[in-house]
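>>> one predicted model, sequence on top.
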Amino acid sequence: MTETTQLEAKVLLLEHDPAQYQVLSDFCLDKGLLALPRSSHNALVTLSQHKDLGGVLLAEDLPCEDGDSLHLARAIHKLRPELPIFLRRTSGRLLSVEEQETIRHAWQTGEMASLHTAVEHNIFSLRYPTRLVMGIVELTCQALRAMFPNAQVLSESPYVVHDRIIHGEVSTLIAIESTWCRGYMMLQTEERALRQGLIQGFSYEGIGGDLNFRELNNMLGETTNLIWGAFKNRYIPPQAFTNQQTQVPIVINHEHKYISFGSQDPQLCIRYQLSDPARPGLPPLIVVQRFIFNLHWSPDEFAEFDDNPPEVSPTGELELF
């Protein structure tokens, strides 16, 4: 076995009872859940503001203008069906078939062990080796600093998401395949923010903010390629790949900025902030990185590989992305 880390996850907390709010706040703190407390009035607005949630904690008797909280649960499920909803029951009535399909887990007030098990199973179903997560952050920061040498690059704490909403307008996607994993890496950012960062001189001299969208795409593509090359050199044995060739369709809905990899497993998410050291008051450029190990994931096999890393030297070859 290898040391794994339970990363943080953001959850929407819809709870009005003061005593239960405190109980759930303590629960979230203990479980590594970052709670976003909201009322029924601003719950849906919060969904539009946060595209990287892990789940929803909802009280059955939450005061709502439009019916009961199950009505709100159905609205949340319709907008973000990938988010597991955990319903604190306050009545004994049976849930309808539609309500059962909407709620991932229902638990009676006080049954914290039941909620604990459900959160572990539905939000933290994948664990990530600590050395892998730290290594990903390190090599990604190095790649970002190489592409944007005049920017200050900081990484936020890694966390897991169940949302499938894309951040920004510019995204890259590259396949990752090894003996211990198969899936994809994505980089996502806002086109306007990327252009503004180049105007501020984040990148090399002569690369300004007058680039067209294709050239901006290429900038993010080259950054992705640098990260992939470093990831491959550090974590992928050159002589061995998994024999599993299972594939699933990737669904992209551009209008709703939604992407699905055919899996309900959580995704490893890391946000990077690129800022101008000379102008700290300006908003940073945010680059969102996601790892989606939807085809094969085995932390134990990673541990075996990590204990005996291959001798790999740079080949000097340029991989075209």
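Arrived safely. Numbers count the residues shown, from 1 in each chain.
>>> for residue 91, what are its contacts?
60, 61 (C-beta atoms under 8 Å, 6 or more residues apart in numbering). In this view, the C-beta of every residue, glycine as well, is placed from N, C-alpha and C.
>>> measure it to residue 134 for me?
Distance of residue 91 to residue 134, given as C-beta to C-beta, to the nearest Å: 46 Å.
>>> same question for residue 216.
For residue 216, the distance to residue 134 (C-beta to C-beta) stands at 30 Å.
>>> cool, and residue 164?
In terms of C-beta to C-beta, residue 164 sits 26 Å off from residue 134.
>>> also residue 211?
On the measure of C-beta to C-beta, residue 211 and residue 134 end up 33 Å apart.
>>> compare residue 216 and residue 134 (neighbour count), which wins?
Each of residue 216 and residue 134 has its neighbours counted (other C-beta atoms under 10 Å); residue 216 has more, 19 against 12.
>>> now do the SS call for the more buried one.
Look at residue 216: counting by DSSP: H, G, I helix; E, B strand; the rest coil, its state is helix.
>>> which one is it nearest to, not counting chain neighbours?
Spatially, and ignoring its direct neighbours in sequence, residue 216 is nearest to residue 194 (5.5 Å; C-beta to C-beta, 6 or more residues apart in numbering).
>>> tell me the bridge partners for the residue nearest the centre of the chain.
Centroid-nearest residue in the chain: residue 269, 3.3 Å away (criterion: C-alpha atoms, centre = their mean). Using DSSP bridges, the beta-bridge partners of residue 269 come out as residue 159, residue 290.
>>> repeat for residue 85
Applying DSSP bridges, one finds that residue 85 bridges with residue 56.
>>> would you check that it makes contact with residue 54?
No: using C-beta atoms under 8 Å, residue 85 makes no contact with residue 54, being 11.5 Å away.
>>> looking only at neighbour counts, state which of those two leads.
The neighbour comparison of residue 85 against residue 54 (other C-beta under 10 Å) goes to residue 54, with 27 against 24.
>>> gap between that one and residue 140?
Distance from residue 54 to residue 140, by C-beta to C-beta: 21 Å.
>>> same check on residue 268?
12 Å.
>>> same question for residue 128.
According to C-beta to C-beta, residue 128 and residue 140 sit 14 Å apart.
>>> following element in sequence after whichever strand or helix holds residue 11, please.
Taking DSSP states H and E as the definition, residue 11 sits inside strand 9-14. Using DSSP H and E, the next helix or strand after strand 9-14 towards the C-terminus is helix 18-31.
>>> so how far is that next one off the chain centroid?
Computed by C-alpha atoms, centre = their mean, to the nearest Å, the chain-centroid distance of helix 18-31 equals 23 Å.
>>> could you give the angle of that helix to strand 9-14?
Angle of helix 18-31 versus strand 9-14, following axes from the mean of the first three to the mean of the last three C-alpha atoms, to 10 degrees, is 180 degrees.
>>> elements contacting the helix or strand following helix 18-31?
Using DSSP H and E, the helix or strand that follows helix 18-31 in sequence is strand 33-37. On a contact count with 3 or more C-beta pairs under 8 Å, 6 or more residues apart in numbering; DSSP states H and E, strand 33-37 meets strand 9-14, helix 18-31.
>>> who does strand 33-37 pair up with?
strand 9-14 (parallel).
>>> tell me where the stretch 51-200 of the chain has strands.
55-59, 85-89, 105-108, 128-129, 152-155, 159-161, 170-177, 181-189 (DSSP state E, counting those that start in this stretch).
>>> what residues does the fifth one touch?
Just to be clear, that refers to strand 152-155. With contact meaning C-beta under 8 Å, 6+ apart, strand 152-155 is reached by 137, 140-141, 144-145, 270-277.
>>> equivalent analysis for the first one, please.
By C-beta under 8 Å, 6+ apart, the list of residues contacting strand 55-59 from outside reads 9, 11-17, 20, 24, 28, 35, 69, 72-73, 76, 83-88, 90, 104, 119, 122-123, 162.
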